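Participant: Here is a sequence together with a model predicted from it:
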Amino acid sequence: MNSIYAVLIDGTIYASWLFLVAAGLTVIYGVMRILNMAHGSFYAIGAYAAASMVGWYFNGEGAALPVWGSYLMLVVCALVAGLVVGLVIERGLLRLMYGRDEILMVIITYALLLILEDGMKMVWGVDPYMAFQPYAEMGRSVLGGLKVSNYDLALIAVSLVVGGGLWAWLERTNTGKVLRAVIHDREVAMAMGVNVGLMFTLTFVLGTTLGALAGALTAPAISVAPGLGVEVIVLAFAVVVVGGLGSIEGAAAGALLVGLARAAAVHYAPELELFVIYGVMSLVLAVRPQGLFGRTLVRKI
Amino acid sequence: MTNTVSVTRKTLRRLSLTMAASALALAAVAPAQAAENGKFRLGIVTFLSGGAAGPFGVPSANAAKVVIDQLNAGALPAPYASKGINGAEIEMVLIDENGGATKQVEEFRNLVQRQKVDAVVGYISSGDCLAVSPVAEELGALTVFYDCGTSRLFVENKAPKFVFRTGLDAAVDNIGAARYLAATRPDITRYAGVQQNYSWGQDSWADFTAAMKQTLPKAEAVESQMPKLFQGQYGAEISAVSVKRPQIVHSSLWGGDMEALVLQASARGLLDDATAILTCGESALERYQGQAPNGTIVGARGPFGAFAPQNALNTWFTGVYQNAYQMAPTYPASKMAQAILGLKHAAEKAAKAPGEIPAPAAIAAAFKGTSFESVSGTVQMSRADGHQALQGISYGEYHYDAKTKKAELKNVKSFSGTCVTPPDGTEAQDWIKAGFPGAKCE
């Protein structure tokens, strides 16, 4: 009984994290049809930026700075890092590659991942960074006998806000309507006077910022070390594929499915833990090759 | 005209082919030759990138740099006061261990055949050690493994000639951990484990549970979690361990993974109810900053780092390391220093005249079964036919003073080498299961 309960809580917490990581990836694919391998690096950049800034914040001369400032710091780090990196990469590189084959874009973003990994090593070195204060300061709650970190619970709220915000933006605003038109048919949208280039820049920067935000919000709970981004991209990819590439609802459903399956494996059959995520992925793909919420594209002749 | 050109090309090609062939033949037949500049060329291989670089590789490389500089300046206390190695200046060739075993074998061949190093000191990853060891024997290249802990090293390399290990076998860590618990917490009944899901984690858990059955037969393993390497987030694992209410949580996690587990488990309250015993815990002593609860048991994979004894060599080493890098040396740094000192000791024992660089076979013969002074005390090369170091192991409790921001070790207990190491010819698991026959504990 206790275990089922723990599985639900652990699974939800893990799912909320997975969703945060996968949201940016699926947004970029949905609009731009780019399977962005460099997403893992955006996550890592967000994590490194947050960890070093929070470390600086707490090691400052005053020392008695309020803790809430560090939460602000996390969000600001993510926004700044995502904005700068997203703009530079989209304007400086991807803009020149639009219209190419999807496979080529995968290779380009993979190259970007490798370059950024080494770039981060040059900037931040190889020592792990710890920025535990925001995580430790929030304390913990006892939910039915299970001690849970409040920071993790807050992450659930954040991912609900991010998911809801994305959905509302796409479905309830004018820009969202235009974006959906671009998703549906890029050429017709262009013919109708939509500034597709601007939409792409907007989407890419949004996706990058979401990736950086996921990294920044994860940083306090982990030790930020080289190779972080590569570990994450595989998971995010699995979630997005399960949910259907390019679908926000899909990413949420995929995250929940993968999160709960993994938590159940950890509690009941730890030896299956390594395999369970890919097990879920292959089961879903066997039944629905386009993923849970994936749209089958009409092939244009 | 064209004809002449093609003839020349053909001749050239034939010439280069012959040269390549003879070079290959030479490489295959001739043993490694010394660098011809009169210096002792020393290959150092350790992680400079990847997840193991921060906690292990970089401190090791830093230790190698500072020790070699000091040796070349002749600034060491006795018995290592002579300059360099036997008077010859040491020239370091530093190689990154990242990239996997196949790449490391290639890099090793490069070091020996092209760079013509006189000896190689290195390797953290057990996979790399197992892959490099047969190549070292084949090339006749003197190789000192300083850190990798696999028990299979001298099981696979049955008659070692050129391969030595100055670090300890990983079984020692976990036998030592079980003995420490038996000595300090004899009432334990429930323990759990969190290990990384690869050979290191699996072997550690197997050795630890087997040893616990002997030292604390009443204690029961209530949970075992094997998260994947570099997972970083242990929420579900911590819950799964928590609901089983263990008194002790054993973990062989290292580096960022270990720090993340400690941070999350202490924030989640698991470490309020249970005490963690971390076999690699000492490497983060300066980094926990109070995030590990006081009383957490840490080890250093031998008498290294903060567990190293007070002696002239360790005082010297701690001093120069602290001067150069503004922090105390952790255990990987001590282990690197130990390997280099062992090599110097053997080379000087083998040399007949000052300034001479003895051949690898001569150094190996002198290294075999010797005992030398090190930063961790006296090291006896008395296992695996004189190729494996025998040393004790220590564990202690981590205590952090928030006012001075300093960590210290309390309740330190040490176990002698013969107490935690299986005799030659017995595999660790068999020795543990038989109840440590012949163990001599002080």
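Facilitator: Sure, I can see it.

Participant: got the contact list for residue 266?
Facilitator: I went with chain A, as the question did not name one. Neighbouring residues of A:Val266 by Cβ atoms under 8 Å, 6 or more residues apart in numbering or on different chains: A:Asp10, A:Glu273, B:Gln225, B:Ala236, B:Glu237, B:Ser239, B:Ala240. Where C-beta positions appear, they are placed from N, C-alpha and C, glycine not excepted.

Participant: please go with chain B instead
Facilitator: Contacts of B:Ser266 by Cβ under 8 Å, 6+ apart are A:Ala136, B:Asp272, B:Gln291, B:Ala292, B:Pro293.

Participant: which residues touch the strand or helix carrying the first one?
Facilitator: The one in question is A:Ala136. In the assignment (DSSP states H and E), A:Ala136 maps to helix A:133-137. Identification of contacts with helix A:133-137 by Cβ under 8 Å, 6+ apart yields A:54, A:58, A:67, A:70-71, A:74, A:149, A:151, A:220-221, B:263, B:266-267, B:291.

Participant: Those in helices, which ones?
Facilitator: A:Val54, A:Phe58, A:Ser70, A:Tyr71, A:Leu74, A:Tyr151, B:Leu263, B:Ser266, B:Ala267 (DSSP state H).

Participant: and the third one, how far is that from A:Leu104?
Facilitator: I take that to be A:Ser70. 41 Å (Cβ to Cβ, to the nearest Å).

Participant: When the two are compared, which one has more neighbours?
Facilitator: The neighbour count for A:Ser70 versus A:Leu104, taken as other Cβ atoms under 10 Å in any protein chain shown, is higher for A:Ser70 (21 against 10).

Participant: What does the pLDDT read for that one?
Facilitator: A:Ser70 carries a pLDDT value of 89.

Participant: what do you get for B:Thr150?
Facilitator: So, for B:Thr150, pLDDT stands at 88.

Participant: Also B:Phe436?
Facilitator: At B:Phe436, pLDDT is 96.

Participant: That one falls within a helix, correct?
Facilitator: No: read with DSSP: H, G, I helix; E, B strand; the rest coil, B:Phe436 is coil and lies in no helix.

Participant: Now it. Nearest residue, chain neighbours left out?
Facilitator: Nearest residue to B:Phe436, sequence neighbours excluded (Cβ to Cβ, 6 or more residues apart in numbering or on different chains): B:Gln214, at 6.5 Å.

Participant: so where does the one you found fall, helix or strand?
Facilitator: helix B:199-215.

Participant: any idea how far whichever helix or strand comes after that helix is from the chain center?
Facilitator: Counting by DSSP H and E, the element after helix B:199-215 in chain order, helix or strand, is strand B:220-225. Centre-to-centre, strand B:220-225 and its host chain are 28 Å apart (Cα atoms, centre = their mean, to the nearest Å).

Participant: Each with direction, which strands does strand B:220-225 pair with?
Facilitator: strand B:190-194 (parallel) (DSSP bridges).

Participant: returning to that earlier point: wait, doesn't the residue nearest to B:Phe436 sit right on B:Pro437?
Facilitator: No: in this structure, B:Gln214 is not within contact of B:Pro437 by Cβ atoms under 8 Å, at 10.9 Å.

Participant: Distance of B:Leu48 relative to chain A?
Facilitator: 7 Å (Cβ to the nearest Cβ, to the nearest Å).

Participant: wait, what's in contact with that residue?
Facilitator: A:Val126, B:Gly57, B:Val58, B:Ala61, B:Leu94, B:Asp96, B:Glu97, B:Asn98.

Participant: With B:Leu168 instead?
Facilitator: Contacts of B:Leu168 (Cβ under 8 Å, 6+ apart): B:Gly149, B:Arg301, B:Gly302, B:Ala389, B:Gln391, B:Ile393, B:Thr421.

Participant: A helix includes the third one, no?
Facilitator: No: the assignment for B:Gly302 is coil, going by three-state DSSP, so no helix is present there.

Participant: Can you check the pLDDT for it?
Facilitator: In this model, B:Gly302 carries a pLDDT of 94.

Participant: wait, isn't it in contact with B:Ile393?
Facilitator: Yes: with contact defined as Cβ under 8 Å, B:Gly302 reaches B:Ile393; the gap is 5.6 Å.

Participant: Can you report how many residues neighbour B:Gly302?
Facilitator: Residues near B:Gly302, counting by other Cβ under 10 Å: 30.

Participant: and B:Ala240, what does it touch?
Facilitator: A:Ser3, A:Ala6, A:Asp10, A:Val266, A:His267, A:Pro270, B:Glu223, B:Gln225.

Participant: With B:Gly193 as the reference, measure out to the closest residue to the fourth one other than its chain neighbours.
Facilitator: If you skip the residues right next to it in sequence, A:Val266 has B:Ala236 as its closest partner in space, 4.1 Å away by Cβ to Cβ, 6+ apart. Separation of B:Ala236 from B:Gly193 (Cβ to Cβ): 15 Å.

Participant: beta partners for A:Tyr129?
Facilitator: A:Val224.

Participant: right, and it touches A:Asn59 too?
Facilitator: No: checked against Cβ under 8 Å, the pair A:Tyr129 and A:Asn59 is beyond contact range at 11.9 Å.

Participant: Look at the two and report which has more neighbours.
Facilitator: Per other Cβ under 10 Å, whichever of A:Tyr129 and A:Asn59 has more neighbours is A:Tyr129, with 22 against 8.

Participant: so where's chain B uncertain?
Facilitator: B:1-36 (pLDDT under 70).

Participant: That one - how does it break down into domains?
Facilitator: B:40-168+B:308-390, B:171-300+B:402-433 (automatic domain parsing).

Participant: Settle this for me: B:Trp200 is touching B:Ser251, isn't it.
Facilitator: No: B:Trp200 is beyond contact range of B:Ser251, at 11.6 Å (criterion: Cβ under 8 Å).

Participant: What is the burial count for B:Trp205?
Facilitator: B:Trp205: 21 neighbours (other Cβ under 10 Å).

Participant: Cool, thanks, talk later.
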